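Q: attaching a predicted model along with its sequence, questions to come.
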Amino acid sequence: MRLVLVGPPGAGKGTQAQFIASHLSIPKISTGDIFRANVSGGTPLGKLAKEYMDRGDLVPDEVTVAMVRDRLSEDDAQEGFLLDGFPRNVPQAEVLKKMLDEFGTALDLVLELVVDDDEVVRRLAGRRTCRSCGKVWHELFDPPTQPGVCDACGGELFQRDDDREETIRHRLEVYQEQTAPLVAFYADEGILVGVDATGPVEEVTQRAMAVLRRFAD
Ligand code: ADP
Ligand code: ADP
């Protein structure tokens with residue numbers, strides 16, 4: 001299956017993407033994770049992306065699209081994929097459509113994770129990420145056994161630079177202006193399904209999987 005997850009920063013896209021991709025045995029492709037890996041690795045792409053990410057702005061489309069094209073050309077993405085964080089504006093969605101068309105395929109479904117702004121702020125403010133394995137935790141909603149230490153790998157947890165209050169506010173504005181129009185774009189294409197993303201992580205996964213099973217039948 002070829003899927004896209006949309007939703008505001010903090011909606012739980014990364015968290016859900018991990019479970020959904022594993023249930024469906026498809027790769028999870030998260031543009032935010034790829035950018036962050038490049039920033040930590042000090043690559044030219046990382047150096048360019050960092051200034052936009054730190055401000056909470058989108059990295060320019062040419063750069064992002066080229067990176068996604070490379071990733072979607074890899075072997076493991078030929079039978080399906082779950083995109084998390086891409087597309088993030090209508091021009092990216094249009095390029096993705098053309099790109100898949102060139103590959104002779106198309107998206108099957110776009111899942112919109114629906115949560116209100118207050119919950120998004122609570123989720124972002126408490127988000128902690130493992131420096132070693134990238135697993136995402138939450139200070140209150142999904143705390144590791146020992147504060148500051150990843151249960152999965154023993155790595156150190158940190159707060160992302162862009163999860164500070166000022167930047168969070170700006171990212172939510174960027175979402176409203178640039179990313180929210182994707183909901184109408186994909187509704188017009190007839191492939192948008194909204195999923196209530198409130199409540200425990202497992203319940204949200206179950207709701208998303210129920211939608212995907214209905215689609216597969
Ligand atoms: P969140 O899910 O919290 O919004 P992400 O990890 O998806 O965060 O993205 C972090 C940052 O990486 C974004 O604020 C943006 O700067 C950059 N980024 C990620 N995906 C894209 C994209 N598709 N287009 C442009 N910039 C992106
Ligand atoms: P996104 O990729 O959309 O920015 P994340 O998956 O990183 O969102 O989740 C943001 C924060 O919210 C993380 O700290 C995560 O542990 C937490 N979170 C995710 N889903 C839920 C949920 N259903 N209930 C409470 N907290 C959640």
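A: Received it, and whenever you're ready, just let me know what you need. Ligands and ions are numbered 1, 2, ... in the order given.
Q: contacts for the host helix or strand of L212 next, please.
A: Element membership for L212, per DSSP states H and E: helix 201-216. Helix 201-216 is touched from outside by 1, 3, 12, 15-16, 19-20, 23-24, 108-109, 111, 113, 142, 193, 195-198, with contacts defined as Cβ atoms under 8 Å, 6 or more residues apart in numbering. C-betas here are computed from N, CA, C, even on glycine.
Q: per-residue pLDDT, C133?
A: What the model reports for C133 is a pLDDT of 88.
Q: equivalent analysis for D217, please.
A: Listed pLDDT for D217 reads 76.
Q: burial measure for it, as a count.
A: Residues near D217, counting by other Cβ atoms under 10 Å, number 5.
Q: check the gap between it and ligand 2 for me.
A: Noted for D217: a distance of 26 Å to ligand 2, by Cβ to the nearest ligand atom, to the nearest Å.
Q: cool, R131 as well?
A: Applying Cβ to the nearest ligand atom, one obtains 15 Å for the distance of R131 from ligand 2.
Q: which part of this protein gets nearest to ligand 1, residue-wise?
A: Evaluated by Cβ to the nearest ligand atom, the chain has G32 as its residue closest to ligand 1, separated by 1.9 Å.
Q: measure that residue to S40 for me?
A: 13 Å (Cβ to Cβ, to the nearest Å).
Q: one step back: what secondary structure does the residue of the chain closest to ligand 1 sit in?
A: helix (DSSP: H, G, I helix; E, B strand; the rest coil).
Q: now do the contacts for the spatially closest residue to it that is not a sequence neighbour.
A: Spatial nearest neighbour of G32, excluding adjacent residues (Cβ to Cβ, 6 or more residues apart in numbering): G85 at 4.7 Å. With contact taken as Cβ under 8 Å, 6+ apart, G85 is in contact with 5, 13-14, 30-32.
Q: before we move on, back to that, show the buried residues in the contacts of helix 201-216.
A: Among those, the ones that count as buried by 16 or more other Cβ atoms under 10 Å are 1, 3, 12, 15-16, 19-20, 24, 109, 111, 113, 142, 195, 197.
Q: in a strand, L82, correct?
A: Yes: residue assignment for L82, taken from three-state DSSP, places it within a strand.
Q: ok, back up a step: most neighbours, which of the contacts of G85?
A: L5 (27 neighbours).
Q: give me the secondary structure label for the closest residue in space to G154 that isn't next to it in sequence.
A: Spatial nearest neighbour of G154, excluding adjacent residues (Cβ to Cβ, 6+ apart): S132 at 7.6 Å. In terms of secondary structure, S132 is coil; the call rests on three-state DSSP.
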